[in-house]
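*Asks:* Below are the sequence and a predicted model; questions follow.
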2 protein chains.
Amino acid sequence: MAKPLLNKLVIFGVGLIGGSFALALKRAWAVRHVVGFGRSEANLRLALKHGVIDEIGTSLSRALHDADVVLLAMPVGQMQPVMKRIAPHLSAHTIVTDAGSTKQDVVACARKNFSKHLKNFVPAHPIAGTEFSGVRAATADLFQSRNLVITPLKETDKKALKRVKDAWLVCGAKISEMTPRRHDEVFAAVSHLPHLLAYGLVYVIAGKPNAKELFKYAAGGFRDFTRIAGSSPEMWRDIVLANRIILLKELSGYQKQLKHLANLLRKNNGAGLEKIFARARNARQKSLLEK
Amino acid sequence: MAKPLLNKLVIFGVGLIGGSFALALKRAWAVRHVVGFGRSEANLRLALKHGVIDEIGTSLSRALHDADVVLLAMPVGQMQPVMKRIAPHLSAHTIVTDAGSTKQDVVACARKNFSKHLKNFVPAHPIAGTEFSGVRAATADLFQSRNLVITPLKETDKKALKRVKDAWLVCGAKISEMTPRRHDEVFAAVSHLPHLLAYGLVYVIAGKPNAKELFKYAAGGFRDFTRIAGSSPEMWRDIVLANRIILLKELSGYQKQLKHLANLLRKNNGAGLEKIFARARNARQKSLLEK
């Protein structure tokens, strides 16, 4: 049998993303042994039972000293404490990567905690979230044909970068690179802001005296519009805080647009409204056709 | 063979809704002859070719004098001119119903144009829109298990009401009743506002210099969130104008919520944000379970 890509993988946060990464690598015989760490003992036991991981981590030093790759797949608010705890146990050859939805803050954490190990840190973000979380939601197919953005640092070692890319290629991901700042700007616009807007809308409706009636008549359009409001509140709290400066800028631009729409409504300006609706529809359809 | 429910049905606007109504009734052998009127000759010819209608209407008086039911399924902005044109040709026994997404304005149009015929007017709204339009999108299944809201007037004749209900039951719809005002309030919240928000978001993104890059990285969450921004601009221009007073109130409440979210972000208030996200998620999941 050929030598697997990874001998030992250690995952922190064996949920939708971490669990799916393990399953995808295992299906391809690309990893020999997977150790999982996490806050929920029940979730880890489930992961072990279903063969997502081979071992529940107990000692950090024992789990990490011979690890090829460490994947940090917790909510981004956990990056600082976890990096601090693992840093003293990392061997020189161990590569650390992450799956955080924001990158500038994760990179800042890494700079603070990984000083001499920084060259072996490869920041990454698989664009594959769903509104489901926990290892129960993990599947070997999750990353198939999905985007994976890597935001290498000037210190990042070429071999470490290649190894992380190889692992994600095995998972079926389409890999691209950008700077951490660019990443955070792109995803503030197309992911973080829409989540905030959907949570906000459902919250407003849930607070109305006739909420039950409103949900009853909400059709498919509303269900799709608000699907992302079913996502993990903790994870999204961490994301919007981690990227709050850029997100606030995006939100402010959107608030201006809503003011403009309100003005058009107030003035009964049908032509102005139709122009905006038509441009939005055309842009959306064109972008979908190009995919 | 049993006598069909309707001998002759005349449809104005043979698109997604009008076409699906005809197909559903035909599949159940509930209508003998369907005449279609509309602005697009090409669309009507397509409807005729595919058996959605049996005849393209040419003379209003000939088409209407022996019609059992007339369905008005154009964008709501067309209600006033079409009602005005058909009113002189309506026989005493002909029932008129509509499929407009707003009800107060349609009822106002009916009061203006149908004076003595008002008792035979049954305002209705099938909650079955999709982002597709035109007769090509029509299917006999569209209304299966979907809500159909009827907003009867104090003048509405009981027999006319029953006949319209019977036709929608044949289509598989779940029928409920409310006042026109209540209808417009409910759908301002769960349909009209979300459409406005989705159009606004896609418009903002489409206007950015890196729009192409942004759409490239937009994942499933964004696609679902903005699906309704693929809807007909004309139809939605008419809807938001027709319901603009109530919609502006809803929009204003939402804008307040966004201001609150921006404040929480500015103050780095994770607990406050998580509370809103969690309440939204729970409300959404609870409402879906109840469906």
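*Replies:* That came in fine, so what should we check first? Numbering: from 1, shown residues only, chains lettered A, B, ... in the order given.
*Asks:* Give me the helix or strand of chain A that scores worst on average pLDDT.
*Replies:* When each helix and strand of chain A is scored by mean pLDDT, DSSP states H and E, helix A:220-225 comes last, with a mean of 88.
*Asks:* How far off centre is that one?
*Replies:* 23 Å (C-alpha atoms, centre = their mean, to the nearest Å).
*Asks:* Can you mark which positions in that helix are buried?
*Replies:* Neighbour counts over helix A:220-225 (16 or more other C-beta atoms under 10 Å in any protein chain shown) mark A:Gly221, A:Phe222, A:Arg223, A:Asp224, A:Phe225 as buried. Placement of C-beta: from N, CA and C, glycine included.
*Asks:* Which of the three states applies to the residue nearest to the spatial centre of chain A?
*Replies:* Geometric centre of chain A, nearest residue: A:Ser101, 3.7 Å, by C-alpha atoms, centre = their mean. Put simply, A:Ser101 is coil when judged by DSSP: H, G, I helix; E, B strand; the rest coil.
*Asks:* re the thing from before, for the next helix or strand after the least confident helix or strand of chain A, which outside residues touch it?
*Replies:* Proceeding C-terminally, helix A:220-225 gives way to helix A:233-242 as the next helix or strand, assigned by DSSP states H and E. Contact partners of helix A:233-242, identified using C-beta atoms under 8 Å, 6 or more residues apart in numbering or on different chains, comprise A:75-78, A:100-102, A:104-106, A:133, A:192, A:195-196, A:199, A:247, B:265, B:268, B:270, B:273-274, B:277-278, B:281.
*Asks:* Can you give the distance of whichever helix in chain A runs longest from its chain's centre?
*Replies:* In chain A, taking DSSP state H as the definition, the longest helix is helix A:244-266. The chain centre lies 25 Å from the centre of helix A:244-266; the measure is C-alpha atoms, centre = their mean.
*Asks:* Pull out the buried positions in the following helix or strand past that helix.
*Replies:* Going down the chain from helix A:244-266, the next helix or strand is helix A:270-289, by DSSP H and E. For helix A:270-289, burial by neighbour count (16+ other C-beta under 10 Å) applies to A:270, A:272-274, A:276-281, A:283-284, A:287.
*Asks:* for those residues, which one is nearest A:Arg146?
*Replies:* Nearest to A:Arg146 among these: A:Ser287, at 16.4 Å, using C-beta to C-beta.
*Asks:* Cross-check the contact I'm expecting between the closest one and B:Ala218.
*Replies:* Yes - A:Ser287 lies in contact with B:Ala218 (C-beta atoms under 8 Å); the separation is 7.3 Å.
*Asks:* can you tell me which residues contact A:His50?
*Replies:* A:His50 makes contacts with A:Val135, as judged by C-beta under 8 Å, 6+ apart.
*Asks:* Quick check: phi and psi on it?
*Replies:* phi -90, psi 10 (degrees, to the nearest 10).
*Asks:* Same question for A:Ile11.
*Replies:* Dihedral angles (degrees, to the nearest 10) for A:Ile11: phi -110, psi 130.
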